[in-house]
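Chemist: A structural model of the following input is requested.
(one chain, ligands or ions: 1)
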Amino acid sequence: MRVLVTGGAGFIGSNLALELQKRFPDWEIFVLDDFSSGHFKNLIDFEGEIITGSITEPETIEKLRKYGFNAIFHQAANVDTTDMNQRRMMEVNCEAFKDILRVAKEARANVIYASSGAVYGNTKPPMKVNEGLKPENVYGFSKLAMDRVAYRFVKENPTVPVLGLRYFNVYGPRETHKGKMASMVLQLTVQILKGKRPRLFKWGEQKRDFVYVMDCVEANIRGFFAEKSGVVNVGTGRARSFNEVVEIIKKTLGVEVETEYFDNPYDFYQNYTEADLTETKEILGWYPQTQIEEGIPAYVKWIKENVNVNKLPY
Ligand SMILES: NC(=O)c1ccc[n+]([C@@H]2O[C@H](COP(=O)([O-])OP(=O)(O)OC[C@H]3O[C@@H](n4cnc5c(N)ncnc54)[C@H](O)[C@@H]3O)[C@@H](O)[C@H]2O)c1
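Modeler: Prediction:
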């Protein structure tokens, strides 16, 4: 089996590439990345071939055509939800995805790609796959546009399975390169480890569906074996507040510290997200299992052992 992970130097992509390497030693695993945001350190233990290039460049797409992949796990994207440059966002996320699908069609590879819970914006939770598609920013819009490209592609090419995974708020090891786009679990843990007060938008009661990165990896692998087309949510089905997150981090670290609340500067902020898991169960036969009570302590332990918190800007 020859498989490609695009965005493999990134957070979710590197966890996926390393897990595939561990679980399927007979597979040939390739990573593609332009290293615009991902970091080489995420791939130090990866033994497969690394292809360097941007999915927006015709020569990269030309190169990919020659490999004859059996599956493409497409994670590469402009992940900056605050980026207002609409053309750049659409080119990296949506336009390049059409080229990835063309490569897959030629090779008859199945495609598992990263969509996002950002497609739902501030619509009524729980977020259902075919309802409330009102993204608040161009990032969310670009992911919705990708899902629509995928639906059309599958209609025209029913023998090429294409599965979209709408990840909700992902947290876990190997996201330290992400700066302000890293999960709040990382940012708050680093603040507390530095002896600062954890900082939240007033009053910390906004709720998100926090999903552990290894559950996202599992969703990709289940998606590969399901060989079915569609779009599914990848969340736990349970919204949790930022205040709850801080409490679990403090308990894990054995620290007592007051939270500092400040005004939210964004007018396109998602205040409450919670995934409906109907299609997830139907298509994957499974859904993410790790609640923050288990995921956060495991991640905080990893941060303490692997991250030089003084180098991070939070
Ligand atoms: N982390 C989350 O909470 C979350 C939530 C919803 C969706 N997603 C999606 O999951 C995917 C992975 O996100 P992540 O959190 O791992 O982010 P990340 O920034 O760590 O990973 C993205 C990777 O793609 C690479 N990349 C960017 N532009 C590229 C290009 N033009 N060509 C080749 N490589 C390129 C980056 O260098 C990086 O390694 C993305 O598609 C993102 O939109 C993530």
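Chemist: any idea of the mean pLDDT in the helix or strand hosting residue 211?
Modeler: Residue 211 belongs to strand 210-212 when assigned by DSSP states H and E. If you average the pLDDT over strand 210-212, you get 98.
Chemist: for the ligand, what are the nearby residues on the stretch 101-250 of the chain?
Modeler: 114, 116, 167, 169-170, 178 (CB under 6 Å from any ligand atom). Quick note: C-beta positions are derived from backbone N, CA and C, even for glycine.
Chemist: Okay, and which of those map to strands?
Modeler: 114, 116, 167, 169-170 (DSSP state E).
Chemist: Parallel or antiparallel, which strands does the strand holding residue 211 pair with?
Modeler: strand 169-171 (parallel) (DSSP bridges).
Chemist: Now do the strand holding residue 211: distance to the chain's middle.
Modeler: In terms of CA atoms, centre = their mean, to the nearest Å, the centre of strand 210-212 is found 10 Å from the chain centre.
Chemist: Quick check: next helix or strand after that strand?
Modeler: Assignment by DSSP H and E places the next element after strand 210-212 at helix 213-226.
Chemist: contact partners of that following helix?
Modeler: Under the criterion CB atoms under 8 Å, 6 or more residues apart in numbering, residues 3, 11-12, 15-16, 19-20, 23, 71, 73, 110, 112, 161, 163, 165, 167, 170-175, 232, 234, 236, 280, 283-286, 288-290 lie in contact with helix 213-226.
Chemist: and if you look at stretch 306-314?
Modeler: Contacts for stretch 306-314 (CB under 8 Å, 6+ apart): 173, 176, 179-180, 186-187, 190-191, 193-194, 303.
Chemist: now that stretch: how far from the chain's centre is it?
Modeler: 21 Å.
Chemist: Next one: residue 99 from the ligand, what distance?
Modeler: Distance of residue 99 to the ligand, given as CB to the nearest ligand atom, to the nearest Å: 11 Å.
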